[in-house]
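A.B. asks: I need the structure of the sequence given here:
(2 chains)
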Amino acid sequence: MTRAQTTPTPTRVGPGPTTFSPGGIGESVRRPDGVPKVTGEFEFSSDMRLDGMLWGATLRSPHPSARIWSMDLSRAEAMPGVRAVLTHEDVPGRKVYGMETPDQPVLAWDRVRYQGEPVALVAADHPETAKRALGSIRVDYEVLDVVSSAEEALAEGAPELHPSGNLLRHVRIRHGDAEAAEARAEVVVRGEYEIGMQDQAFLGPESGLAVPDGRGGVDLYVATQWLHVDQDQLAESLGLPHDMVRLTLSGVGGAFGGREDLSMQVHACMLALHTERPVKIVYDREESFYGHVHRHPCKMRYEHGATRSGELVYVRASLVLDGGAYASSSTAVVANAARFACGPYRVPNAVLDAYVAYTNNPPCGAMRGFGAVQTCFGYESQMDKLAEKLGMDPIELRLRNAMKEGTRLPTGQKIEGPAPVAELLEKLREMPLPEGPGGGTRDLRELPGGVSNTTHGEGVVRGVGYAVGFKNVGFSEGFDDYSTARVRLSVTDDGPLVEVHTAAAEVGQGLVTVEAQIARTELGVEKVSVLPADTRVGSSGSSSASRQTYMTGGAVKLACEAIRRRLFETVAERHGEDPEGLALENGSVVSDGRFVVALDEILGAEPIEETVVHRHVETFPLDEDGQGDADVTYAFSAHRAVVDVDVELGLVRVVELATAQDVGKALNPQAVEGQIEGGTAQGLGLALLEEIQVRDGRVLNASFTDYLLPTILDMPPVRTEILELADPGAPYGLRGVGEPPNISTPPAVVAALRDATGRELPRMPVRPEALVGIADGPPRRRPQPGSAGYGTLGSLEERRDQ
Amino acid sequence: MEFLRPPSLHEALEAKAAHPEAVPISGGTDLMVEINFDRGRPETVLDLSRVPELAEWERENGHVRVGAGVTYERIIAELGEALPGLAMASRTVGSPQIRNRGTVGGNLGTSSPAGDGLPPLYASEAEVELSSTGGTRRVPVSEFVTGPKRNALRPDELISAFRMPRATGPQQYAKVGTRNAMVIAVCSFGLALCPERGRVEACIGSAGPTPIRTPEAERFVEGVMEEGGLWETRGPIGDAALRRFGEMVQAAARPIDDVRGTAAYRVHAIGVLARRSLGWAWDEYRRGGE
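C.D. replies: Prediction:
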């Protein structure tokens, strides 16, 4: 194949630097991408284009479990406009990938383990041509038995998905002496709970553009969460040294954990290197459901023992997570589920077992809340059950057992710094409740069912529920977690300028703004430029685990401090000042408020640049009893949900969500509120709507027609109380913000639904069937062509089978 | 893919005669989803969005004839008084963007049992107007829709309009979906009161292979009204009769389990919707006499 005649002009590749006057920390700063996103001008990764580029497409398995006997590519290869058809044989390096366990084929050979697994790639002049070419590839599959649940996978004699067996990880925590404690328990409650498979449902589908450099290397412009972990895996699978695989972050349309694993990265680079042309891959919405990992479905068995006065004596829990076909980050998710299984309470004795298994279901991995979402539903359901049995107010019971500074977790780790569980609950209790239902309201939009006109007030019952949750901030269990920042202070024609360069992914959370605010605060310079994130600077780690402001914000702060030290040394030398008394304000060096020298003057033509690595405190793996200081620090939030339920139809209108959250320090209060509201909305979605329905390994609702996200008529106003109790070990005392709201919202909503209906509701999302007491569960059979639910279903395998 | 854009109905019909395989498109809110999901790939697409005759509606002695290309948004804005049940159903369709594009003609063409526009048409015994270069025929909607996503349209025909009687009494449309907006019906129910004829007309949506009329339930409640002289006195129907009406409507439903809901739930919910809808319509009728 010949190289394209057109010279690629990367005018539309990657974002430029964002220069602005951000304001300092603690100020509400408008995000620079806000207006462009609202007006449609923001360039997402799927919008990139280059002259002469090809379109890549991915052939996926229609079967959740099958052996591949042969593939016939000849018809696809012969199609005009098709430039490459590649299979596993064309993977230049390691044929498998994975962040923690490299067990996932770049392209399947021999067998496929989940529906939608990539099997072959096509690059063509036009996306339609690529699609047609996929349709002409013949794959001879032998369909195999499906392992369709974690219980099935762990049962004796189950077919093994991987040579290591079906058990991916068992985390065992033994804390205190639960057997002895049982005797002291005067009241015992047991419960079984289940949570379905939520999807991140980011609005910008997986996409990127790979550009060959003509010297055997490749540049990849991609929407991702962690450029360097992508680079590591790309280098392995492409068989190239790191410096020949360079990545630049392009516009990310949401992530929520779903962009931690690779999707199209290796594929696009393979096609680009093979064709020597730029190759773009963009998944469509349906493909996106098959293209990334989901939140782990989880089944939980809990037993709580307490004294009659409501003091927790012991907790037993057994958690079973469905990991799906490949490992992804399952081993870390299951450890989180185990560590936080007792909730933010003082539990002196605990027996906790968490298992995650391989199945033929879609692979599951990281999603906002990362294991803590599942167990929060379990332990908060238990706390309500216990309160009811004790005849206690559910908030009182929680207050009585609330974790504090110094409390030891079941892992033996002591909570350092504030653990304001009681304060958060008190804040919620103080908030006034919204006005009661009825009251002559006739606006359908304020009633369950909304504009669908299902009730004019009939059957509507109000319910109120509370929940509190927590999780770790940053990576745990001994992971070497660090972030790198390069900061440069120079003088331009417009005065002093700070440039901040990190590889940290802005995924919509507002990191770019925070980086600039920190630089401005630390260096007293108005103009700050945040350079595009790429692999020309060291790793910043993942935009995950509520860690990026803590880690990369911390790295920027350290780099600024290093610059300041160097600058002050120079000032001390030249102006005879005591460096200890110097400060930076409005582009000048001052001493006790007295002007010393302007930055322009002292810097002259010599910029100062510092690259600094920020590490959080060391963490440690859990031992065989699940003991160890595995975590850096924790973040806490609490929610109160007020719902109106049409108890005859099982339809719900959430009237209000109120929340209190400790953020340590709100660097950008507006962005903090945005994170809290967004996490709350995603939690509401999980409680009521969002579930990938899987039957025998097949996804039944891979579309936004049937995977329902909350609309503006489903999401109520959020009443927010932000606490700023400094975390002693953190930069500025801040805590992670993004995940906690997603953890405490779902159980609060379900508690409110229980309050309104009196039903047990052991499973989320809560479907109307469950609210009216009609047996719930996934459909017994697949919809048939022409049925009411058929319209948007199951096309993938039908398309391929034909 | 060939894309035909006739500027008039006459030319549209000629195009359809010349290209019987052509798939008509108007708002595109169904067809484009099919194409984007790679579920269908028509060789020829016949764009009807520029045919002025299809975007008109008119009164015809006690009836309204509505062009197949009139959007839901226009039905809401312009036909709320003449066809209140259909206007209510139109309000439950999709988002404002979808209502600005989507048409009842499209609902008819797709013939999905979940089409929100269909139960009101069934309840009021609308006729569908099918045109070809050879002329125009009118088919009752219940005969036009022959099964799930199947209908009596011939390859050389286009749906040009539907025709239904102007409302003479209160009408209702209610739809259950798991989300409070922008949702496909789990099940739905349309109802029309015709006081001058002593008739109650009703139809179940999305709980069977096609929309389903409920003659037994209708006759039952008409009997209740006749017996009590309720049309004249505008007295209350009574809870027992409302409940019985709901049960009889339930008995007519023939739903399945699918991703949107179980059959058992659909049957249950249909009963609630029927009872409530009749109650609301009757309350309105009673208030009308004050």
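A.B. asks: can I see the domain layout of chain B?
C.D. replies: B:2-165, B:171-288 (automatic domain parsing).
A.B. asks: redo the ones you listed as a markdown table? Include mean pLDDT, mean neighbour count and distance to residue A:398.
C.D. replies: Where C-beta positions appear, they are placed from N, C-alpha and C, glycine not excepted. Shown next, in a markdown table, are these (pLDDT from 0 to 100; neighbours: other CB atoms under 10 Å in any protein chain shown; distance: least, CB to CB, whole Å):
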| stretch | mean pLDDT | mean neighbour count | distance to residue A:398 |
| --- | --- | --- | --- |
| domain B:2-165 | 96 | 20 | 40 |
| domain B:171-288 | 96 | 22 | 30 |
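A.B. asks: tell me how many other residues crowd residue A:556.
C.D. replies: When neighbours are counted by other CB atoms under 10 Å in any protein chain shown, residue A:556 registers 34.
A.B. asks: what's the neighbour count on residue A:126?
C.D. replies: The number of residues packed near residue A:126 is 12, by other CB under 10 Å.
A.B. asks: what pLDDT does the residue nearest to residue A:187 when sequence neighbours are not counted get?
C.D. replies: Leaving aside its sequence neighbours, residue A:187 sits nearest to residue A:306 (CB to CB, 6 or more residues apart in numbering or on different chains; 5.1 Å). Each residue has a pLDDT score; the one for residue A:306 is 98.
A.B. asks: and what of the one 3 residues further on?
C.D. replies: Listed pLDDT for residue A:309 reads 97.
A.B. asks: secondary structure element holding it?
C.D. replies: Following DSSP states H and E, there is no helix or strand that holds residue A:309.
A.B. asks: with residue A:186 as the reference, measure out to it.
C.D. replies: Residue A:309 sits 9 Å away from residue A:186, going by CB to CB, to the nearest Å.
A.B. asks: more neighbours, these two?
C.D. replies: Neighbours were counted for residue A:309 and for residue A:186 using other CB under 10 Å; residue A:186 has more, 14 against 11.
A.B. asks: tell me the contacts of the more buried one?
C.D. replies: Shown in contact with residue A:186 (CB atoms under 8 Å, 6 or more residues apart in numbering or on different chains): A:306, A:307, A:308.
A.B. asks: now render these as CSV, adding distance to residue A:131 and neighbour count.
C.D. replies: Output for the contacts of residue A:186, formatted as CSV (distance: CB to CB, whole Å; neighbours: other CB atoms under 10 Å in any protein chain shown):
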residue, distance to residue A:131, neighbour count
A:306, 59, 26
A:307, 65, 14
A:308, 66, 11
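A.B. asks: just give me the closest of those to chain B.
C.D. replies: Of all those, chain B sits closest to residue A:306, with 36.2 Å by CB to the nearest CB.
A.B. asks: tell me the bridge partners for that closest one.
C.D. replies: For residue A:306, the beta-bridge partners are residue A:187, residue A:312 (DSSP bridges).
A.B. asks: can you pull the phi/psi pair for the closest residue to residue A:522 other than its chain neighbours?
C.D. replies: Once flanking residues are discounted, residue A:522 sits nearest to residue A:560: 3.4 Å by CB to CB, 6+ apart. Backbone geometry at residue A:560, expressed as degrees, to the nearest 10, gives phi -60, psi -40.
A.B. asks: residue A:560 contacts residue A:518, doesn't it?
C.D. replies: Yes. With contact defined as CB atoms under 8 Å, residue A:560 counts as touching residue A:518 (6.8 Å).
A.B. asks: neighbour count: these two, which is higher?
C.D. replies: Relative neighbour count places residue A:518 above the other of residue A:560 and residue A:518, with 31 against 26, counting by other CB under 10 Å.
A.B. asks: how close does the more buried one sit to residue A:482?
C.D. replies: Residue A:518 is 17 Å from residue A:482, by CB to CB.
A.B. asks: next: residue A:47.
C.D. replies: 32 Å.
A.B. asks: check contacts around residue A:370.
C.D. replies: With contacts defined as CB under 8 Å, 6+ apart, the neighbours of residue A:370 are A:257, A:329, A:332, A:333, A:336, A:471, A:544, A:545, A:739.
A.B. asks: got a PyMOL select line for the buried ones in the residues you listed?
C.D. replies: Here is the PyMOL command that selects only those of the contacts of residue A:370 that count as buried (16 or more other CB atoms under 10 Å in any protein chain shown):
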select buried, chain A and resi 257+329+332+333+336+471+544+545+739
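A.B. asks: could you list which of the contacts of residue A:370 belong to strands?
C.D. replies: Within the contacts of residue A:370, residues falling in strands by DSSP state E are residue A:471.
A.B. asks: ok, the contacts of residue A:370 vs chain B, which is closest?
C.D. replies: Lowest distance from chain B to those (CB to the nearest CB) belongs to residue A:257, with 23.4 Å.
A.B. asks: how about the nearest residue to that closest one once chain neighbours are set aside, phi and psi?
C.D. replies: Spatial nearest neighbour of residue A:257, excluding adjacent residues (CB to CB, 6+ apart): residue A:366 at 3.3 Å. Backbone torsions of residue A:366, given as degrees, to the nearest 10, read phi -80, psi 130.
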